[in-house]
Structures are given as structure tokens and as C-alpha cells.
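Student: Kindly return the folded structure for what I paste below:
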Amino acid sequence: MADITFITVGALKEGYLKEATAEYKKRITQYARVEEIELREERISDEDNSREVAAALEREADKILAAVPKGARIIALCVEGKQMDSLELAGYVGDTVNACGRLAFIIGSSHGLSPRVKSAASLKLSFSRLTFPHQLMRVNLYEAVYRSFTILAGKKYHK
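Tutor: Numbering: from 1, shown residues only. Alright, predicted model coming up:
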């Protein structure tokens, strides 16, 4: 059985997002052990100060990289990443599970991810060229991972 770790910066606040994430997590556990690591977003006093934002991203990077399980392949969600359809993502997940058994998906804060986290990733993944709130992205990611496992298992969920 695969080990999937979701490392996210920032807390889910809305109940409907928590419920949706919990539902997809429950579904994923049919196929993999799931660990969720929620890290606190660094405070930034001046959102327009690029140095302050970069410093905050570096502090988040320290926490993110320390949370990645040993031997896990990192998939970092970022807008400049590779776009895949569901079958391509399922293939990547399946290949990675067969190769090492461990995946760590990372969603950064509202400011994104440090270049250091992105360079540590085996895959930089983009769901779209659009920008999404990182809280909503968590639900989208969990659903996509669940869909990947159903594709690999030959289930009818994927259409």
C-alpha cells in the first residue's frame, strides 16, 4: 500500500472545505495510507515588500522540507508547473508508487512556495494557469489523487 503525505501551509477554515477534504481523504485510504501535515503560514507585515515575502517563504520552506517523509517523492503544486490530465497524473502516481511507495504533495501558502521547495520537487504540478485559493486547492488535490487511484484500480469513477 502506498504512503501519501499532504503537506499544506495554512489551515482550512470553512466547514464545507473541511468536509470535502475529509470525504476524499476517506476515499483515498482505500488505496493508500494518508498523512496530513498542516503548517502555519508565516506572518508578513507588509504584503508588498518582496524581501519580506521571500523571507517568509524561506521560513516556510524549512518547515515544509523538514516535514517530507524520508524517501518520498515530492510533488509541488505551483502555477508554473506541468499540467496533466487525469490519466497522466494517474500514470505518474502509479509509477511513483511502484518505484518508491511514497509521495508527498505540497501546497504552499497564499504567496506560493520558495524556489528551494520547487527545486526539491520531482514534479512541479499545475492544475491550471488560473490562480486558486490554496484552501480550495486542497480539495481539488485530494479529489485528483483519489481519481488517480480509481483509474489505476480500473474503477468506473473516472469518466
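Student: packing partners for whatever helix or strand residue 140 lives in?
Tutor: Residue 140 is part of helix 134-152 when elements are defined by DSSP states H and E. Other elements packing on helix 134-152 under the criterion 3 or more CB pairs under 8 Å, 6 or more residues apart in numbering; DSSP states H and E are strand 2-9, helix 15-28, helix 86-99, strand 102-107. Backbone N, C-alpha and C define where each C-beta goes, glycine included.
Student: buried ones in the second one?
Tutor: The neighbour-count check on helix 15-28 (16 or more other CB atoms under 10 Å) flags 20, 21, 24, 25, 27, 28 as buried.
Student: Show residues contacting that helix.
Tutor: 4, 12, 34, 36, 135-136, 138-139, 142-143, 145-146, 149 (CB atoms under 8 Å, 6 or more residues apart in numbering).
Student: Could you identify which of the residues you listed has the most neighbours?
Tutor: When neighbours are taken as other CB atoms under 10 Å, the top entry among these is residue 4 (28 neighbours).
Student: Centre of the chain to the helix or strand where residue 51 lies, how far?
Tutor: Using DSSP H and E, residue 51 maps to helix 50-67. Distance, stretch centre to chain centre, for helix 50-67: 16 Å (CA atoms, centre = their mean, to the nearest Å).
Student: ok, longest strand in the chain?
Tutor: strand 73-83 (DSSP state E).
Student: what's that strand packed up against?
Tutor: If you count contacts as 3+ CB pairs under 8 Å, 6+ apart, strand 73-83 packs onto strand 102-107, helix 115-120, strand 123-126.
Student: neighbouring contacts of that strand?
Tutor: Here strand 73-83 makes contact (CB under 8 Å, 6+ apart) with 68, 96, 99-100, 102-108, 112-113, 117-118, 120-129, 131, 137, 141.
Student: Now restrict those to buried residues only.
Tutor: Counted by 16+ other CB under 10 Å, those give 68, 96, 102-108, 112-113, 117-118, 120-121, 123-125, 127, 137, 141 as buried.
Student: Per-residue confidence at the closest residue to residue 10 other than its chain neighbours, what does it come out as?
Tutor: Excluding its sequence neighbours, the residue lying closest to residue 10 (CB to CB, 6 or more residues apart in numbering) is residue 41, at 4.6 Å. Note for residue 41: predicted pLDDT of 94.
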